[in-house]
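K.L.:
Sequence first, predicted coordinates after that:
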Amino acid sequence: MVPFKFYLITDTHYYKHSLSQYDNEYYDDFMHYEQKCFAETQAINEAVFEWLENANEADAVFIAGDLSFNGEKESHLAYIEHLKRLKACGKKVYVVTADHDFKDRSDGCFGFDKNGRIHPEPTPRDELSELYKDFGFGDAIAFDKKHLSYVAQLSDGLRLLALNNDGCDDGGRYFEPSHIEWIKEQTKKAREDGQMMIAMNHYPLIPGQPIFNLVGDTYQKDAGEVTKMLADEGVHLCFTGHMHNQSINVIETEKGNKFYDVCTGSVIADPAVIRLVNVIDEETVDIKTYDIPDFDYDTKGKSCKQYLSDLFDNMIVNVLYDMAYDTDRMMGKFHIDNPKLRPVLKTVGKILQKTTVGGLGRMLFFKVDKSIKKEKVKDVVAELVRVIFEGNQYFREGTPKGDALLALFSRLKPVLKKVNAKTFDGKEADIFDLLKNSAGNYDIDDYNATLKLK
């Protein structure tokens, strides 16, 4: 096969800036618990696309779903103008769509003014393949219109299996049996034609971090069956998004076939990255990662990277503060409807607000290095959650924060063992192990790696 390079971005969530107002209480309330940008998305995307237009290490761009913020028609139309400029610069563009790219009713799309929410015109799902016909759908060698999936010939010997799994009839985020059969037809044809095949799918097929095994919305439904099917059908690599999480994970099937899921962070939320992928041959793929460029927006004197990092931390800090002092609001946000939990959450929230890491160590009898004793627990929790999403987590064994966290988990082991939790494949979860390997990355580098597919 001929080697092939491409840039990869995902979860661009483009929102046309003029569709909303941002200096009002309704916008502020929305952003209180929000991890990703809203007002800034047009500026961020403009900077990213300008960077891609001038980037010369590859002449193709993959975009792994959630192109628009919430399916606004005007957002799509403005976004497509950026894709046209990419094509004019000589880049081939391949997109998949996802559930943020369409809405059946206008109340699914929103912005704000001084009176509350407003609702821009939505984009019906059945218009997406026509809107994006010049960016993968139109020149596909195979197209499943119902499931908005296609196969593209990337180079001599290499094909892209571009998958949409938004549950077209009910939004259930799964592959229907007829879709699975179509996928098997395409993988079989690729083998018969002597073609290597790689995939792009919006939802992760392997949970990005071990702890995500316990949260169903973080990965593809029936992920275990799908990854096994793809790997044994000869597809060993898939590029995903959705979680705004940076990770590279691998499984091996009973037949000894590897499957890699390369999940990439959203460009409009920390860690905000662009990947460069080099498919060298059928066995070797090299991946490099770049931070997005600075964008033209008032970042309050901060670097753009720090601005996005602080936005993420602010979300966690707000959740922890409201747990203590506005418990009903926090419970409503996370759909916690058990009133018996209110006093528990309030108490835990107040402990997190007031306690230092050293104080928590004294309270629960675990050792804390003196270098971190004075740090507030709430700040460390915010940092921990952020680095789980950023990837290459550094709360590892042998570091002050990693050792303190593992000591805390060890103290809580009797409680954790009583949690009747199941992983995505139905197995009993080892909570301690999931927490340890989510806080610290002990496996593949999530940013820069050379993958051996076979």
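P.N.:
Thanks, I have the structure now. Numbers count the residues shown, from 1 in each chain.

K.L.:
all contacts plus neighbour counts: C-alpha atoms, from now on.
P.N.:
Fine.

K.L.:
what's around residue 367, how many residues?
P.N.:
Neighbourhood size, residue 367 [other C-alpha atoms under 10 Å]: 18.

K.L.:
Could you check how far it is from residue 84?
P.N.:
Separation of residue 367 from residue 84 (C-alpha to C-alpha, to the nearest Å) stands at 57 Å.

K.L.:
contacting residues for residue 52?
P.N.:
Taking C-alpha atoms under 8 Å, 6 or more residues apart in numbering, we find residue 52 in contact with 7, 86.

K.L.:
where does it land in three-state SS?
P.N.:
helix (DSSP: H, G, I helix; E, B strand; the rest coil).

K.L.:
and if you look at the one 5 residues further on?
P.N.:
What three-state DSSP gives for residue 57 is coil.

K.L.:
Tell me, how many residues neighbour it?
P.N.:
Look at residue 57: counted by other C-alpha under 10 Å, it has 13 neighbours.

K.L.:
tell me the pLDDT at it?
P.N.:
As predicted, residue 57 sits at a pLDDT of 97.

K.L.:
can you tell me the distance between the two ends of stretch 24-35?
P.N.:
End-to-end span of stretch 24-35 (C-alpha to C-alpha): 19 Å.

K.L.:
Contacts made by it with the rest, please.
P.N.:
So stretch 24-35 is contacted by 21-22, 112-114, 116-117, 269, 311-312, 315-316, 318-319 (C-alpha under 8 Å, 6+ apart).

K.L.:
Show only the entries of these found in helices.
P.N.:
311-312, 315-316, 318-319 (DSSP state H).

K.L.:
Can you name the residues bridging to residue 260?
P.N.:
Applying DSSP bridges to residue 260 gives these bridge partners: residue 237, residue 250.

K.L.:
ok, so of the contacts of stretch 24-35, who is nearest residue 192?
P.N.:
Set against residue 192, the nearest of the contacts of stretch 24-35 by C-alpha to C-alpha is residue 269 (41.3 Å).

K.L.:
my read is residue 384 is in a strand, agree?
P.N.:
No: counting by three-state DSSP, residue 384 is not found in a strand; it is helix.

K.L.:
I'd like to check which residues are in contact with it.
P.N.:
Per C-alpha under 8 Å, 6+ apart, neighbours of residue 384: 395, 439.

K.L.:
Can you tell me how far it is from residue 421?
P.N.:
For residue 384 relative to residue 421 (C-alpha to C-alpha), the value is 22 Å.

K.L.:
Just the buried positions in stretch 300-309, please.
P.N.:
Judged by neighbour count using 16 or more other C-alpha atoms under 10 Å, the buried positions of stretch 300-309 are 304-305, 307-309.

K.L.:
what about it, average pLDDT?
P.N.:
94.

K.L.:
For that stretch, measure first residue to last.
P.N.:
13 Å.

K.L.:
rewinding a little: any idea which of the contacts of stretch 24-35 has the most stuff around it?
P.N.:
The most neighbours, when the contacts of stretch 24-35 are compared by other C-alpha under 10 Å, belong to residue 269, which has 27 neighbours.

K.L.:
Many thanks, have a good one.
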